[in-house]
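1. build me a model:
(one chain, ligands or ions: 1)
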Amino acid sequence: MLDSIRTRLTLWYTGVLAVVIVFLSVVAYFIFWRSAVQRTDANLVELSNSFLVTLRAELEDQTGPDVFRTAAQVAIDEHHFRDTLYVIADQTGKVILTSLETPAANGPLKIAREVLSSASFQSFLRDSLRSDRLFGHIPVTEAGYRGFAQRFSAKGKSYTLIILQSLHPQKEMMEEAGSVFAWLIPVAILLASGGGYFLARKSLAPVVAMSSQAESIGAANLHERLAVQNERDELGHLARSFNGLLDRLAESFERQRRFMADASHELRTPVAILRGESEVALSQQARSLEEYRESLGVLHHEAERLTRIVEDLFTLTRADAGQYPLQPRDFYLDDLIAECVHSARTLAQAKKISLTFEGAPESPIHADESLLRRMLLNLLDNAIKYTPDFGRVTVNCHGHGKEYMLSISDTGRGIPEELRPRIFERFFRADKARSRSEGDGGGAGLGLAISRWIAEAHHGRLELIRSDSTGSTFAAYLPADSGYSASPG
Ligand code: ADP
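-> The predicted model follows:
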């Protein structure tokens, strides 16, 4: 259950909300309590002032032996309320008169006595002698009493009036508020968690819908996409990213499918020739040695062709997977070109093609020599293959900033303009029939794809920079120090 984001969100939300509500309630409770105490204090001050006014008036009116006591008694009678206690002490702290002696004081006498005899009242009384006005708390009963002491003088003597007021009604009110909070808070949290669950459910519903849509997408229906409800929100962004991923996957699947289809198609021809030739050779009882040699020659030629195609496929697959480790080392590019031109000379001579390399200044390079050799031989092979007899193939190399520009020009028929963008594609041949039937080792259309990968793996590039009826020129741009890369760029 906790594995569901919906539940976790709701729990988090409820937990945070509960902490906030409880915290606010506690704060509110203390604020109320403080203001209740402040109101009591104001009330005590008012009581004290009006008591002193009455006392002073009575002192004027009264006659007799103990004028002060009688006047004070009258003032207490007049101002005495339930839950209020009056105490008058002289300047030594001796209690002269209390409201306990007032007949009107029919409040809980026992409690009142307890309060006045308590240690905390005695200590408040002592403290009050040292100041003119003093507030204090006398924690005797459960709610306690709030006390106010005020010094006054009468008939030339100094006295202290102390009024104590029970905090029982305030405490009761706070308890009532507390019990309301006690049921209101859980109900509020419960309602809020219900709302939170509803909200979490509602906001996660598109995710649930997306995941069930995503679950139903497989290799068979890779063209399907997630519905994007609102392009601009986070979920819309997620859906678009997911759809983008599906686009890329579909494209890559399609490329692989085409690659497999093309590869098997390419392999089928040499395999069919191998089978056909060997079946014919085996079916004939008596054959001359010459005929056997001829058959073996055909078999050998096709086996070589198969080997080349398989090797090329293997190279491309490893390059795609980023698993073709380059083995760069320092060597001279001009030497490598001279070497490759030398190797291709036999091919050129067979077609009476003049193959020239005008030489190049010393061109040190840090690269994978065998891969660059392969690229050069591919380009030379193509130039000779697609140039008619008695044509011309020219190789050039010169520095171009921090890179070398290596060009191979021929005097072939050129490549039709509409096909030029496609010649670097895998298995692409401008003239499929011709390539294979000429018996010139016509490739499978992988040579340029591999050559381009080689240039790019060296952080360079391979381009067809000219092609018209007078011939074509391929140019490879290679950095002098290409660093290292194992996959096409
Ligand atoms: P292939 O094995 O067929 O030579 P490539 O990938 O090397 O495959 O070349 C792809 C196609 O590009 C070739 O089939 C050919 O039509 C065209 N091509 C490549 N090089 C040349 C060139 N120098 N002149 C004319 N056409 C070329």
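2. for whichever residue of the stretch 201-350 of the chain sits closest to the ligand, which non-adjacent residue is spatially closest?
-> Using C-beta to the nearest ligand atom, residue 312 is the residue of the stretch 201-350 of the chain that sits closest to the ligand, at 8.7 Å. Quick note: C-beta positions are derived from backbone N, CA and C, even for glycine. Leaving aside its sequence neighbours, residue 312 sits nearest to residue 446 (C-beta to C-beta, 6 or more residues apart in numbering; 4.2 Å).
3. report pLDDT for the residue of the stretch 201-350 of the chain closest to the ligand.
-> Listed pLDDT for residue 312 reads 90.
4. before we move on, what SS does it have?
-> helix (DSSP: H, G, I helix; E, B strand; the rest coil).
5. show me what contacts it?
-> Residue 312 is in contact with 443-444, 446-447, 450, counting by C-beta atoms under 8 Å, 6 or more residues apart in numbering.
6. which one of the residues you listed has the most neighbours?
-> Tallying neighbours with other C-beta atoms under 10 Å puts residue 444 at the head of those, with 26 neighbours.
7. quick one: secondary structure of the residue nearest to that one when sequence neighbours are not counted?
-> Of all residues not flanking residue 444 in the chain, residue 266 sits nearest, at 4.4 Å (C-beta to C-beta, 6+ apart). Three-state call for residue 266 (three-state DSSP): helix.
8. list the contacts for residue 266?
-> For residue 266, the contacting residues are 309, 427, 444-445, by C-beta under 8 Å, 6+ apart.
9. so how many other residues sit close to the closest residue to residue 430 other than its chain neighbours?
-> Distances taken as C-beta to C-beta, 6+ apart place residue 419 nearest to residue 430, at 5.0 Å, with adjacent residues excluded. With neighbours defined by other C-beta under 10 Å, the count for residue 419 comes to 13.
10. need the contact list for the one residue in the stretch 351-489 of the chain that gets nearest to the ligand.
-> Per C-beta to the nearest ligand atom, residue 443 is where the stretch 351-489 of the chain lies closest to the ligand, at 2.0 Å. Neighbouring residues of residue 443 by C-beta under 8 Å, 6+ apart: 308-309, 312, 429, 435.
11. show me which of those residues are buried.
-> The neighbour-count test (16 or more other C-beta atoms under 10 Å) applied to those identifies 308-309, 312, 429, 435 as buried.
12. sorry, back to before: can you list the contacts of residue 312 in JSON lines and add distance to residue 29, secondary structure and pLDDT?
-> Compiled in JSON lines, the contacts of residue 312 are given as follows (distance: C-beta to C-beta, whole Å; DSSP: H, G, I helix; E, B strand; the rest coil; pLDDT from 0 to 100):
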{"residue": "443", "distance to residue 29": "89", "secondary structure": "coil", "pLDDT": "73"}
{"residue": "444", "distance to residue 29": "86", "secondary structure": "coil", "pLDDT": "83"}
{"residue": "446", "distance to residue 29": "83", "secondary structure": "coil", "pLDDT": "91"}
{"residue": "447", "distance to residue 29": "86", "secondary structure": "helix", "pLDDT": "93"}
{"residue": "450", "distance to residue 29": "81", "secondary structure": "helix", "pLDDT": "94"}
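13. wait, is residue 352 part of a helix?
-> No - judged by three-state DSSP, residue 352 forms no part of a helix; its state is coil.
14. thinking again about what came up before, any idea of the pLDDT on the residue nearest to residue 444?
-> At residue 266, the model reports a pLDDT of 84.
15. tell me where the stretch 301-450 of the chain has helices.
-> Using DSSP state H, counting those that start in this stretch, the helices of the stretch 301-450 of the chain run over residues 333-350, 369-385, 432-437, 447-457.
16. how about low-confidence regions in the stretch 201-350 of the chain?
-> Scanning the stretch 201-350 of the chain for pLDDT under 70 picks out nothing.
17. which residues in it form strands?
-> Here the stretch 201-350 of the chain has its strands, by DSSP state E, counting those that start in this stretch, at 329-332.
18. I'd like to know how many residues surround residue 391.
-> Counted by other C-beta under 10 Å, the residues lying close to residue 391 total 20.
19. list the residues that contact it.
-> Residue 391 neighbours (C-beta under 8 Å, 6+ apart): 351, 353-354, 410-412, 471.
20. would you turn those into a markdown table with pLDDT, distance to residue 391 and neighbour count?
-> Shown next, in a markdown table, are the contacts of residue 391 (pLDDT from 0 to 100; distance: C-beta to C-beta, whole Å; neighbours: other C-beta atoms under 10 Å):
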| residue | pLDDT | distance to residue 391 | neighbour count |
| --- | --- | --- | --- |
| 351 | 95 | 7 | 16 |
| 353 | 96 | 5 | 22 |
| 354 | 97 | 8 | 12 |
| 410 | 97 | 6 | 27 |
| 411 | 97 | 4 | 19 |
| 412 | 94 | 7 | 22 |
| 471 | 96 | 8 | 20 |
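21. which one of these sits closest to residue 297?
-> For the contacts of residue 391, the residue nearest residue 297 by C-beta to C-beta is residue 351; the value is 20.6 Å.
22. excluding chain neighbours, what is closest to the closest one?
-> Closest to residue 351 by C-beta to C-beta, 6+ apart is residue 389, at 4.9 Å.
23. wait, the one you found touches residue 350, no?
-> No - Residue 389 is not in contact with residue 350 according to C-beta atoms under 8 Å; the separation is 9.1 Å.
24. what residue ranges in the stretch 1-150 of the chain score low on pLDDT?
-> Checking the stretch 1-150 of the chain against pLDDT under 70 turns up 1-2, 102-108.
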